[in-house]
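Visitor: the following block contains a protein sequence and its predicted model.
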Amino acid sequence: MSFSEQWVALVTILSKEIRRFMRIWVQTLLPPVITMSLYFVIFGALIGSRIGQMDGFDYMSFVVPGLIMMSVITNSYSNVVSSFYSAKFQNSVEELLVSPMPNYVILLGFVLGGVARGLLIGLIVSLVSLFFIDLSMHNMTVTVAIVFFTSMLFSIAGFINAVYANSFDDISIVPTFVLTPLTYLGGVFYSISLLSEFWQSVSMLNPVLYMVNAFRYGFLGITDIDIRFAFGGIFVFVIIMFMYALHLLDKGTRLRS
Amino acid sequence: MTAAISIKQLKKTYNNGFTALKGIDLEVEKGDFFALLGPNGAGKSTTIGVISSLVKKTEGSVSIFGHDIDKEGPLAKKKLGVVPQEFNFSQFEKVFDIVLNQAGYYGIPKAEARSIAEHHLKQLGLWDKKDTQARFLSGGMKRRLMIARALVHKPELLILDEPTAGVDIELRRSMWSFLREINDQGTTIILTTHYLEEAESLCRNVAIIDQGTIVENTSIKALLKQLNRETFIFDAKETVSSDICLDGYDITRIDSHSFEIDLEKGQSMNQVFNKLNDKGIEVISMRNKANRLEELFVNLVEANKKSKQGVQA
């Protein structure tokens, strides 16, 4: 396929993915907005006012970037895992596999679909947060870059999960038992400086901590970690996981008998 | 002339150890209307799966219009359109979107795709359903949707895996005429079907596959010539006696007014009628008992089974 044909194919998958999550907006866009609004009200306005300051900022300002990132991560992941697994389940994945599209176009199309949903949710949640705080921006480039690559990383992870999944149960195991604990313990609600030295070291093994902190740095200019390390780690993981997902597609793992 | 499809020593053994294809050789000429027949589990769908790259082959080679599917996969895929047995589109997408998306996967720009999709949806009587989600279509409409989708990138080879299964007679006939039309326009068609009347009516050449091997590969005409016996059913005006017999003929009473006679190829019908006349039996109608191809098909498959059993014994 020529470059222009590949471009048409990529845009086709991406627009199909966007149409899909927009069509079922009650399932895809509304729930995270409601959940995050509740977080803002409970942790920010009600409980947050009694907590006081965290790293020099009032608790609401501290927690909002983490909550935005949390919604981006979960939505990027769940968009790709559910969309690609549904395509497997309904056999409509065959439409892609019989076509002359290179596998990297298929993968990129689904990943960008996940990124599109993740970023849209991030934007909506950010707008909702404006009802509760004045959202400041310390470094726009860092904020946009970290949210984009984090969304990409979890979209690829969702794709890999979907390739291996044999049932709808399989696509909820990772979000429930891996993603949620990592996110909740990833410094969304607290600074790891509050933890003992041992638990600080344990927290440093959590990749989500780096993403949340780098994102918070973009808004507030504060971080528990070195954001260069965060960016480096994310780039490496994006490349490794993209190559692995591509390898699964090339081999036809659980896609071609 | 380059063959539309060339299959050489194609073997497929699944992970569970089942060997679905045991070394198939098959060549289909460009422009042909070809039937691939076989009983359930014979290997037809596996063959189609390998051709369309949904099934990984164990050994052998497949070329589509001279493009090896391993070495020149994208070029081979561009030439091929597949209508599978099972519905394989998203049930929640609209009819028009399903066809447009498929065009997009082949790199066809949207404006061009829209006009091709409109053309095929109109041809197949689905245009008024273009904004309907696929799940609300009837079974026949879903089959036609898969044909429209398979044709959107203008494939030179179209493979249809039981396209008329579960489709009513009227719709089946209209699909036949549609397929004849696109074949006349130059598209090579390979068809698998359980309706042997369909193969006899549409196809010029045929391969019969059984237990992973090709047991016959010839023209429909040549195949039908192999028949050396035919059974005819006669309807009599008056009641036929229960002990009806006719010298030199194998005759069986069916009911009070009908009976059947087996005839060797080349045997005169006049003699039969003379003898019936002598017995005072007046015939008011006569028809061929079974689909001729069906008879041959059963004979070939049975013979293959017996020969395999013989080898095992």
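Guide: In hand now; what should we look at?
Visitor: which parts of the stretch 101-250 of chain A are helices?
Guide: Secondary structure of the stretch 101-250 of chain A, counting by DSSP state H, counting those that start in this stretch: helices at A:103-129, A:140-164, A:170-174, A:180-184, A:197-203, A:207-220, A:227-251.
Visitor: near chain B at all, the second one?
Guide: Translated: helix A:140-164. No: Helix A:140-164 lies out of reach of chain B by Cβ under 8 Å from any Cβ of the partner chain, never closer than 14.6 Å. Bear in mind the C-beta positions are built from the backbone N, C-alpha and C, glycine included.
Visitor: whichever strand or helix holds A:Val72 - what's its average pLDDT?
Guide: Per DSSP states H and E: A:Val72 is located in helix A:59-89. The pLDDT scores in helix A:59-89 average 93.
Visitor: do that helix and chain B meet at all?
Guide: Yes: applying Cβ under 8 Å from any Cβ, one finds helix A:59-89 in contact with chain B at A:86-87.
Visitor: before we move on, the earlier item: which of the helices of the stretch 101-250 of chain A sits most buried?
Guide: Burial of those is given as mean neighbour count (mean count of other Cβ atoms under 10 Å in any protein chain shown); helix A:207-220 ranks first at a mean of 25.
Visitor: remind me what that helix packs against, helices and strands.
Guide: helix A:59-89, helix A:140-164, helix A:180-184, helix A:227-251 (3 or more Cβ pairs under 8 Å, 6 or more residues apart in numbering or on different chains; DSSP states H and E).
Visitor: per-residue pLDDT, the residue lying closest to A:Ala145 once chain neighbours are set aside?
Guide: Counting by Cβ to Cβ, 6 or more residues apart in numbering or on different chains, the nearest residue to A:Ala145 once its immediate chain neighbours are dropped is A:Phe231, at 7.3 Å. Note for A:Phe231: predicted pLDDT of 93.
Visitor: show me what contacts A:Phe231?
Guide: Under the criterion of Cβ atoms under 8 Å, 6 or more residues apart in numbering or on different chains, the contact list for A:Phe231 reads A:145-146, A:149, A:214.
Visitor: on that earlier part again, which stretch among the helices of the stretch 101-250 of chain A comes nearest A:Trp25?
Guide: helix A:103-129 (10.0 Å; Cβ to Cβ).
Visitor: quick one: that closest one to helix A:59-89, angle?
Guide: Per axes from the mean of the first three to the mean of the last three Cα atoms, to 10 degrees, the angle that helix A:103-129 makes with helix A:59-89 is 150 degrees.
Visitor: and the contacts of stretch A:117-128?
Guide: Taking Cβ under 8 Å, 6+ apart as the rule, stretch A:117-128 contacts A:17-18, A:21, A:28-29, A:32-33, A:36-37, A:40, A:67-69, A:71-73, A:75-76, A:79, A:135, A:147-148, A:151, A:154-155.
Visitor: apply 7 Å and report the result again.
Guide: A:21, A:28-29, A:32-33, A:36-37, A:67-68, A:71-72, A:75-76, A:79, A:135, A:147, A:151, A:155 (Cβ atoms under 7 Å, 6 or more residues apart in numbering or on different chains).
Visitor: pLDDT on that stretch, on average?
Guide: pLDDT averaged over stretch A:117-128 gives 95.
Visitor: write out the residues of chain B neighbouring chain A.
Guide: Applying Cβ under 7 Å from any Cβ of the partner chain, we find that chain B lies next to chain A at B:14, B:52-56, B:74, B:77-78, B:82, B:84, B:86, B:88-91, B:101-102, B:104-109.
Visitor: in strands only, show me these.
Guide: If you go by DSSP state E, those have B:Val82 in strands.
Visitor: and the residues of chain B next to chain A, which are buried?
Guide: Burial by neighbour count, 16 or more other Cβ atoms under 10 Å in any protein chain shown: within the residues of chain B next to chain A this picks out B:52-55, B:74, B:77-78, B:82, B:84, B:88-90, B:101-102, B:104-108.
Visitor: where do the strands sit along chain B?
Guide: Under DSSP E, chain B gives strands at B:5-13, B:19-28, B:33-37, B:59-64, B:67-68, B:80-83, B:157-161, B:188-192, B:205-210, B:213-219, B:229-236, B:250-255, B:258-264, B:283-288.
Visitor: now do the shortest one, average pLDDT.
Guide: This means strand B:67-68. Per-residue pLDDT over strand B:67-68 has a mean of 95.
Visitor: given that strand, what are its sheet partners and their directions?
Guide: Partners of strand B:67-68 in the sheet, by DSSP bridges, are strand B:59-64 (antiparallel).
Visitor: give me the distance from the partner strand to the chain's centre.
Guide: Centroid separation for strand B:59-64 versus its chain: 22 Å, with Cα atoms, centre = their mean, to the nearest Å.
Visitor: residues contacting it, please?
Guide: Strand B:59-64 is contacted from outside by B:5-11, B:50-51, B:68-69, B:76, B:79-80, B:157, using Cβ under 7 Å, 6+ apart.
Visitor: repeat that for 8 Å
Guide: B:3-11, B:21, B:23-24, B:50-51, B:68-70, B:76-77, B:79-80, B:157.
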